[in-house]
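[1] here is my input, please return the structure:
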Amino acid sequence: MCVIVLLLAVACAVSRSPDPGSTGTPAVNAHDRQASPSATVSPPVQFPARIPSLTVEADRLFQHIQALNFERYSERDRQRTREYLLQTLTHVGWQPRLQRFEVGSNVLAQRTGTDPHAGTILLTAHFDTVEGSPGADDNASAIATVLEIARLLGPSRTPRALQLALFDAEEIGLRGSLAFTANPTNLTNLAGVVNLEMLGYACHKAGCQHYPAGLPVTPPSDRGDFLGVVGDQEHLPLLNAFVPSRTGDKRALPSVVTLPIPFKGIFTPDVLRSDHAPFWARNIGAVMVGDTASFRNPHYHQPSDTPETLDRTFLAGAAQRVLDAVTQLLNSTQPLTTTDPASAASS
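    Numbers count the residues shown, from 1 in each chain. Take a look at the predicted model:
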């Protein structure tokens with residue numbers, strides 16, 4: 001995750017909501033756990049009733065992580081990574097291509113949807129690391145999840161198209177995602193973006209979870225056993241797709257905490273440290289999904305960020321949460337823009 005703060009000059013009013021499907025004061029929503037006494041709970045936006053039936057395979061996730069267990073900082077090692085990504089996607093039926101830019105190359109792929117008017121869901125993650133770190137959590141865990149979802153959803157036919165973007169040079173200033181968003185063709189008919197940023201680390205001791213300064217909420221837990229989803233308040237239905245909706249679901253999946261961010265994160269710069277931020281700057285709905293990085297993981301950007309430090313159960317559950325949400329979004333033709341931001345802001 002890049003530590004560079006983007007200064008986004010966005011002169012627009014943004015809706016404020018305590019829950020991805022309601023209006024009010026912005027708040028963290030700890031789904032699958034007891035709500036904060038100060039939280040206002042409203043019914044979430046309803047997506048189609050088609051429930052995802054596909055299941056991620058944990059062994060495949062860790063095979064990818066082991067295959068990527070090397071520093072991905074030099075051009076040579078990033079090229080080695082790109083070759084692995086291209087070969088893997090081709091093997092599972094995609095037709096990937098490279099988008100070259102000044103300091104690197106993104107790996108892109110797309111399959112069409114059945115409804116040309118429904119738009120495209122873009123699933124993203126960065127594949128580079130900082131110098132000296134093998135980046136098992138940051139960001140091989142997310143790359144493995146993208147590759148597994150590509151395997152599972154590639155043959156599917158859904159109303160919305162699915163596009164994949166594996167970004168290069170995130171760690172030196174979000175360069176890959178900035179190059180991607182600078183090309184208008186890449187943004188055509190884009191309904192929403194799901195950006196994955198570190199999905200494999202969990203901590204279960206009291207006090208192991210920390211939070212960015214300035215969040216307008218009471219933290220939901222001091223234990224790092226949840227999946228965090230951050231989204232901009234102008235696209236709450238996109239954020240709401242990650243609210244677990246299965247009733248009576250017995251799967252051992254991590255709980256989800258959703259955080260709607262006002263004013264595109266200008267006043268909370270810690271939420272602008274990944275590849276969703278360039279999409280926010282262009283008013284495209286995007287969420288960042290992750291394990292909160294340095295606010296939980298002591299191996300962040302260290303040589304110790306190795307596969308052995310990851311929580312296999314948490315990663316498999318996090319990947320399943322992402323698969324479920326992406327499947328819902330692909331099966332829907334519902335707009336992902338907040339319908340009445342003026343009303344939401346005044347409530």
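
[2] and Glu148, its phi and psi?
    phi -70, psi -40 (degrees, to the nearest 10).

[3] residues touching it, list them.
    By Cβ atoms under 8 Å, 6 or more residues apart in numbering, the contact list for Glu148 reads 56-57, 60-61, 64, 319, 323. In short, each C-beta sits where N, CA and C put it, glycine included.

[4] and which of those is nearest to Pro220?
    The closest of the contacts of Glu148 to Pro220 turns out to be Ala319 (Cβ to Cβ; 21.6 Å).

[5] now for the contacts of Glu148, which pair is the farthest apart?
    His64 and Leu323, at 14.7 Å, using Cβ to Cβ across these.

[6] quick revisit: can you tell me which of the contacts of Glu148 are buried?
    Listed as buried from the contacts of Glu148 are 56, 60-61, 64, 319, 323; burial here means 16 or more other Cβ atoms under 10 Å.

[7] now do the helices in the stretch 51-200 of the chain.
    With DSSP state H, counting those that start in this stretch as the criterion, the stretch 51-200 of the chain has helices at 58-67, 75-91, 141-153, 175-181, 184-187.

[8] now what about the first one, what contacts it?
    Applying Cβ under 8 Å, 6+ apart, the contact partners of helix 58-67 are 84, 88, 136, 140-141, 143-145, 147-148, 151, 200, 307, 310, 312-313, 315-316, 319.

[9] and these, which of them are buried?
    Counted by 16+ other Cβ under 10 Å, the contacts of helix 58-67 give 84, 88, 136, 140-141, 143-145, 147-148, 151, 200, 307, 310, 315-316, 319 as buried.

[10] between the helices of the stretch 51-200 of the chain, which one is closest to Leu259.
    It's helix 141-153; of these, that one is closest to Leu259 (Cβ to Cβ) at 18.1 Å.

[11] and the closest one with helix 75-91, angle?
    Helix 141-153 and helix 75-91 are oriented at 20 degrees to each other (axes from the mean of the first three to the mean of the last three Cα atoms, to 10 degrees).

[12] send me helix 141-153 as CSV with only the CA atoms.
    Only the C-alpha atoms of helix 141-153 are listed here, as CSV (Å, rounded to 0.1, in the frame of the first residue of the first chain):
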residue,chain,number,x,y,z
SER,A,141,-2.9,-12.0,-0.8
ALA,A,142,-5.0,-9.7,-3.0
ILE,A,143,-3.4,-10.8,-6.3
ALA,A,144,-4.2,-14.5,-5.3
THR,A,145,-7.8,-13.5,-4.6
VAL,A,146,-8.1,-11.8,-8.0
LEU,A,147,-6.7,-14.8,-9.8
GLU,A,148,-9.0,-17.2,-7.9
ILE,A,149,-12.1,-15.0,-8.7
ALA,A,150,-10.9,-14.9,-12.3
ARG,A,151,-10.9,-18.7,-12.4
LEU,A,152,-14.3,-19.0,-10.9
LEU,A,153,-16.1,-16.2,-12.7
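
[13] many thanks, have a good one.
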